[in-house]
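Asks: okay, sequence plus prediction incoming.
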Amino acid sequence: MDQIKLGLKENWQQFTLLVIVNGFVGGMVGLERSVLPQIAEVEFGIAAKTAILSFIIVFGMVKAITNYYTGALANKFGRKNLLVAGWIVGIPIPFVLMFATSWNWIIAANILLGINQGLTWSSTVVMKIDLVGEKQRGFAMGLNEFAGYLAVAIVAFLTGWIAGEYGIRPYPFYLGIGLVIIGLAMSIFLIKDTKHHVAKETTTNTLPRLKHIFWDTTWKNKSLGSVTQAGLINNLNDGMAWGIFPILLAGKGFTLEQIGIVTAVYPAVWGIGQLFTGKMADKFCKKDMLFTGMFLQAAALLSFAWADTMFHFVALSTVLGWGTAMVYPTFLATVAENTHPQDRAKSIGIFRLWRDLGYAIGAILTGIIADLISINASIIFIGILTLISSLIIRFRMSCGQAHSITIINWFKQKIN
């Protein structure tokens, strides 16, 4: 136990490997980001928005449930074993997407993708938090999410470009075969479990155990509950962006290459931005980070309803991406800050359960409103929900760690 040390510098090799692995994890989501709505309309003749978004609904629900069980079982079976299991489940995904003969096969692929993402992404998140200890959790999560969502953006752009050049299927999904093979090999042969790091931190941690961990994380604890509801709303609007933006852009006459660019800008800014916002979450009041990020998301979404040109969509996707970058690493750092090491994996699993249910809820709401009223009405509705979420953070949550500073006070110090 004395040989185990906590910290990013002390564990940089394993940490770096986990960042790379999470890049491959994110790439699996990017496979679908640009082209799946077009496959639904062009190849399978599906017109109803709710039916098209069914793949996101299934993905979100399965991933959410898998997140919960990954957190609950992490201490029992080990983080690495769950990571490897997630990659094994992911092996059939690119082949199903390439050769599916009906939309039901696409739904089946997204069931597997939800399990894959829940097991792999949750495991890498918890393992990185285990390695770094208390001081650099925000930065650690920023690096983790940077790798994952930058990969989403790169693969989303590449699949859009490949589809435009060579056709919607099968060529864009060849990327997935490489992602699965490399991700699985690295997880088996290079990644080590972090159970000893958890035991090390437990000896010095003074936080009390949560008595009712599910309800405390869900809502009862003011800080954890504020984070959980914001996580749900964040992924609710991401689910809408994932499914509706390609349809909206196609309806305005944008090409597949242009749709690939716009759908890549948002996760690219989201991913790259977390290199900075993760570090900010270690310094600034987490309440400020979360409120500002959710407010920016709301402003961007409400403005999307009136966007018309390529410049408008790229600019607003950038604002939406930056707002998401501010909240994403801060979510996980806040959960870790407010939980005992022995409760952490389960609490993160519960947070991620609710957060990723947002995908399903967002896709259902968006599809119903888009079919009954219009796509713009669905975007405005989601924007209003995001604004309400930011206000819940503003009035319910506290700053947290005593050493954190508010963003306003920091600006005042710089001006003076």
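Replies: On my side now, so go ahead.
Asks: what's stretch 10-17 in contact with?
Replies: With contact meaning Cβ atoms under 8 Å, 6 or more residues apart in numbering, stretch 10-17 is reached by 5, 8, 127-128, 131-132, 140, 143, 186, 190-192, 194, 197. Backbone N, C-alpha and C define where each C-beta goes, glycine included.
Asks: tell me the buried residues within these.
Replies: Of the members of the contacts of stretch 10-17, the ones counted as buried by neighbours, 16 or more other Cβ atoms under 10 Å, are Leu8, Met127, Lys128, Leu131, Val132, Ala140, Leu143, Met186, Ile191, Lys192, Thr194, His197.
Asks: inside helices: which ones of those?
Replies: Met127, Lys128, Leu131, Val132, Ala140, Leu143, Met186, His197 (DSSP state H).
Asks: can you pick out the most distant pair from the contacts of stretch 10-17?
Replies: Lys5 and Met186 (23.1 Å; Cβ to Cβ).
Asks: between the contacts of stretch 10-17, which sits nearest Lys287?
Replies: In terms of Cβ to Cβ, no member of the contacts of stretch 10-17 lies closer to Lys287 than Ala140, at 20.0 Å.
Asks: now do the contacts for that closest one.
Replies: Leu8, Phe15, Lys128, Ile129, Leu131, Val132, Gly278, Ala333.
Asks: try it again at 10 Å.
Replies: 8, 11, 15, 18-19, 125, 127-133, 278-279, 281-282, 329, 332-333, 336 (Cβ atoms under 10 Å, 6 or more residues apart in numbering).
Asks: try Ala47
Replies: Contact analysis of Ala47 by Cβ under 10 Å, 6+ apart lists Ala40, Glu41, Asp371.
Asks: now do it, the pLDDT please.
Replies: As predicted, Ala47 sits at a pLDDT of 76.
Asks: so it: helix, strand or coil?
Replies: Recorded secondary structure, Ala47: coil (DSSP: H, G, I helix; E, B strand; the rest coil).
Asks: need phi/psi at it.
Replies: Taking degrees, to the nearest 10, you get phi -110, psi -40 for the backbone angles of Ala47.
Asks: that one and Ile364, how far apart?
Replies: Distance, Ala47 to Ile364, by Cβ to Cβ, to the nearest Å: 17 Å.
Asks: remind me which residues of the stretch 201-350 of the chain are low pLDDT?
Replies: Nowhere does the stretch 201-350 of the chain drop to pLDDT under 70.
Asks: what segments of the stretch 1-150 of the chain are helices?
Replies: Along the stretch 1-150 of the chain, counting by DSSP state H, counting those that start in this stretch, helices occupy 12-33, 36-42, 49-52, 54-77, 79-90, 93-99, 103-132, 137-166.
Asks: where among the ones you listed is the average confidence lowest?
Replies: Ranked on mean pLDDT, the bottom entry among these is helix 49-52, at a mean of 80.
Asks: just to revisit the earlier point, so which of the contacts of Ala47 wins on neighbours?
Replies: Among these, Ala40 has the most neighbours (other Cβ atoms under 10 Å), with 24 neighbours.
Asks: and it, how far from Ala250?
Replies: As for Ala40, its distance to Ala250 is 11 Å (criterion: Cβ to Cβ).
Asks: before we move on, what about Val327?
Replies: 29 Å.
Asks: out of the two, which sits in the more crowded spot?
Replies: Neighbour totals were compared for Val327 and Ala250, and Val327 leads with 30 against 17 (other Cβ under 10 Å).
Asks: the helix or strand that contains that one packs against which elements?
Replies: Per DSSP states H and E, Val327 falls inside helix 310-337. On a contact count with 3 or more Cβ pairs under 10 Å, 6 or more residues apart in numbering; DSSP states H and E, helix 310-337 meets helix 103-132, helix 137-166, helix 222-251, helix 256-283, helix 286-304, helix 341-372, helix 375-396.
Asks: only the buried residues of the first one, if you could.
Replies: Going by neighbour count (16+ other Cβ under 10 Å), the buried part of helix 103-132 is 103, 106-132.
Asks: just the shortest one next, same as before
Replies: Judged by neighbour count using 16+ other Cβ under 10 Å, the buried positions of helix 286-304 are 286-304.
Asks: what's the spacing between that helix and its chain's center?
Replies: Put simply, helix 286-304 sits 16 Å off its chain's centre (Cα atoms, centre = their mean, to the nearest Å).
Asks: equivalent analysis for stretch 367-386, please.
Replies: Worked out by Cα atoms, centre = their mean, stretch 367-386 lies 21 Å from the chain centre.
Asks: what is the end-to-end distance of that stretch?
Replies: End-to-end distance of stretch 367-386 (Cα to Cα, to the nearest Å): 17 Å.
Asks: what is the rounded mean pLDDT of that stretch?
Replies: For stretch 367-386, mean pLDDT is 95.
Asks: all numbers from here: first residue = 74
Replies: Right, with 74 as the first residue, what we last looked at is stretch 440-459.
Asks: buried residues, that stretch. List them.
Replies: 440-444, 448-449, 451-456, 458-459.
Asks: how about stretch 274-283, which residues are buried there?
Replies: Glu274, Asn278, Leu283.
Asks: revised request: answer the last question for stretch 163-178.
Replies: Using 16+ other Cβ under 10 Å as the test for burial, stretch 163-178 gives Gly163, Ile166, Pro167, Val169, Leu170, Met171, Ala173, Trp176.
Asks: how about a markdown table for those, with distance to Ala433 added?
Replies: Shown next, in a markdown table, are the buried residues of stretch 163-178 (distance: Cβ to Cβ, whole Å):
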| residue | distance to Ala433 |
| --- | --- |
| Gly163 | 20 |
| Ile166 | 19 |
| Pro167 | 23 |
| Val169 | 20 |
| Leu170 | 20 |
| Met171 | 25 |
| Ala173 | 21 |
| Trp176 | 17 |
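Asks: out of those residues, which comes closest to Tyr222?
Replies: Distances from Tyr222 to these, taken by Cβ to Cβ, are shortest for Gly163, at 17.8 Å.
Asks: before we move on, back to that, let me know the closest of the ones in helices among the buried ones among the contacts of stretch 83-90 to Val98.
Replies: Among these, Met259 lies closest to Val98 (Cβ to Cβ), at 10.7 Å.
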